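Asker: build me a model from this:
(chains A, B, C and D)
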Protein chains: 2
Amino acid sequence: MTDKPEHDVLELERFLPYRLSVLSNTISQAIAEMYERRFALSITEWRVMAVLGRYDGLSAREVAGRTAMDKVAVSRALARLIGAGRVRRQTADHDRRQSVLRLSAKGWKVYGQVAPLALEHEQRLLAHLDPSEQRSLADILDKLWDAELEEIAR
Amino acid sequence: MTDKPEHDVLELERFLPYRLSVLSNTISQAIAEMYERRFALSITEWRVMAVLGRYDGLSAREVAGRTAMDKVAVSRALARLIGAGRVRRQTADHDRRQSVLRLSAKGWKVYGQVAPLALEHEQRLLAHLDPSEQRSLADILDKLWDAELEEIAR
DNA sequence: GTAATATAGTTTCAATTGAAACTAATCGCA
DNA sequence: TGCGATTAGTTTCAATTGAAACTATATTAC
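Answerer: Predicted coordinates:
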């Protein structure tokens, strides 16, 4: 007769936060390497460019809000992007503390190359899931996100 | 009549690698904060303790393999853990390059407190999913992992 | 046996990141 | 108006991380 263990065993490789972390870091790192090698672009810089490509004229604070980056990280990414001539910055007429950020022509050219590559990578991953699994994944990630927000609010 | 866009738009907040990254970092950071505050334990240190709690007497290389950390990170985490008296290190008889790592009594005490807290946090997240979703998530993470391994091998 | 190669783990040095302080502009309100 | 509090964004300084070199031991080929 075998005893029931007093508590569940923590098996790291089955522990959800660990699995998510390893999977996510592996995916991000692989993508980052490609961006870096082919476009001399870091993940943080790419995130900034991605939101500026979608929403023109954001302020740095708005970029931070849409990229889950903090304002220091955004400031540094912007310094590099502006230095490389990929982003242009003006000051906002209505509030001279704020900036108005736009991709430059050069920035748009990079965006036009990187965005399809990013989407392709995503599609190659999703191709391993059937459509119902894809929906299910999207749902589940939403639920986990809500769950974690509650958890944080505790 | 509306034109079909030439390519799919990259909407960062729907982009799988981004969503995974934000979710995973948020979860990890919340857990990390708890470990840090209550046990003065970093995530990397906890991962090392977690595998030593499960597999006694591993070498540093084996710890690295089971935690998805590199050997430098393991070496540093071990230095802190040994310094804090939470892990003991011997040299392996059969190969004096290798170490034989074990939790100390003090280490086991910490393990005994942290492991249930970690499992509770996981359960609180999973409680937002019904059992079929939980199975589905496990499946999908496996498939994405395989997919990414293939992607890397390309 | 011994020289060349490989492996386990640590250290060093540079680059990245995080936290706090800082500057400049705006807001709230007497 | 004008003064304290707030907000946008940057800078500074310390802590963390990553890459490469390094030490010590073991293995392989001769």
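Asker: spell out which residues of chain A are next to DNA strand C.
Answerer: Counting by CB under 7 Å from any atom of the strand, chain A comes close to DNA strand C at A:S42, A:T44, A:D70, A:V72, A:A73, A:R76, A:D95, A:R96, A:R97. Yep, even glycine has a C-beta here, placed from its N, CA and C like the rest.
Asker: distance from the chain centre to the helix or strand harbouring A:L52, please.
Answerer: Using DSSP states H and E, A:L52 sits within helix A:43-54. Centroid separation for helix A:43-54 versus its chain: 9 Å, with CA atoms, centre = their mean, to the nearest Å.
Asker: using PDB, list the CA coordinates for it.
Answerer: Taking Å, rounded to 0.1, in the frame of the first residue of the first chain, the C-alpha atoms of helix A:43-54 are listed here in PDB:
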ATOM      1  CA  ILE A  43      13.400  43.500 -29.100                       C
ATOM      2  CA  THR A  44      12.700  46.700 -27.200                       C
ATOM      3  CA  GLU A  45      13.400  48.800 -30.300                       C
ATOM      4  CA  TRP A  46      11.300  46.600 -32.400                       C
ATOM      5  CA  ARG A  47       8.400  46.900 -30.000                       C
ATOM      6  CA  VAL A  48       8.500  50.600 -30.100                       C
ATOM      7  CA  MET A  49       8.700  50.600 -33.900                       C
ATOM      8  CA  ALA A  50       5.800  48.100 -34.000                       C
ATOM      9  CA  VAL A  51       3.400  50.300 -32.100                       C
ATOM     10  CA  LEU A  52       4.500  53.400 -34.000                       C
ATOM     11  CA  GLY A  53       3.900  51.600 -37.300                       C
ATOM     12  CA  ARG A  54       0.400  50.900 -36.100                       C
END
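Asker: now the angle between helix A:43-54 and the following helix or strand past it, please.
Answerer: Beyond helix A:43-54 in the direction of the C-terminus, DSSP H and E gives the next helix or strand as helix A:60-67. Counting by axes from the mean of the first three to the mean of the last three CA atoms, to 10 degrees, helix A:60-67 lies at 100 degrees to helix A:43-54.
Asker: helices along chain A, start to end?
Answerer: Here chain A has its helices, by DSSP state H, at A:16-39, A:43-54, A:60-67, A:71-83, A:105-126, A:131-153.
Asker: for the ones you listed, which one ends up most surrounded?
Answerer: helix A:43-54 (a mean of 22; mean count of other CB atoms under 10 Å in any protein chain shown).
Asker: does chain B sit close to that helix?
Answerer: Yes. Using CB under 8 Å from any CB of the partner chain, helix A:43-54 reaches chain B at A:R47, A:A50, A:V51, A:G53, A:R54.
Asker: now, among the residues you listed, which is nearest to B:L126?
Answerer: Taking CB to CB as the measure, B:L126 sits nearest to A:R47 out of these, at 28.9 Å.
Asker: chain neighbours aside, what residue packs nearest to that closest one?
Answerer: A:T67 (4.3 Å; CB to CB, 6 or more residues apart in numbering or on different chains).
Asker: show me the contacts for the closest residue to A:D70 other than its chain neighbours.
Answerer: Residue nearest to A:D70 in three dimensions, not counting chain neighbours: A:A64, with 6.3 Å by CB to CB, 6+ apart. The neighbourhood of A:A64, defined by CB atoms under 8 Å, 6 or more residues apart in numbering or on different chains, consists of A:D70, A:K71, A:A73, A:V74.
Asker: and if you look at A:T26?
Answerer: Per CB under 8 Å, 6+ apart, neighbours of A:T26: B:W145, B:E148, B:I152.
Asker: quick check: the last one touching A:A30?
Answerer: Think B:I152. Yes. B:I152 lies in contact with A:A30 (CB atoms under 8 Å); the separation is 5.6 Å.
Asker: look up how far DNA strand D lies from the closest residue to A:H121 other than its chain neighbours.
Answerer: Nearest non-adjacent residue to A:H121, counting by CB to CB, 6+ apart: A:I31, 5.9 Å away. Distance, A:I31 to DNA strand D, by CB to the nearest atom of the strand, to the nearest Å: 15 Å.
Asker: contacts only, for A:I31.
Answerer: A:I43, A:A118, A:H121, B:P17.
Asker: could you find the closest non-adjacent residue to the second one?
Answerer: Okay, so that is A:A118. Per CB to CB, 6+ apart, closest to A:A118 is B:L10, 6.0 Å.
Asker: the one you found reaches A:V51, doesn't it?
Answerer: No. Contact criterion CB under 8 Å: B:L10 and A:V51 do not qualify, at 9.6 Å.
Asker: pLDDT value on the residue of chain A found nearest DNA strand C, please?
Answerer: Scanning chain A for the residue nearest DNA strand C gives A:R96, at 3.5 Å (criterion: CB to the nearest atom of the strand). Per-residue pLDDT puts A:R96 at 94.
Asker: good, we can wrap up now.
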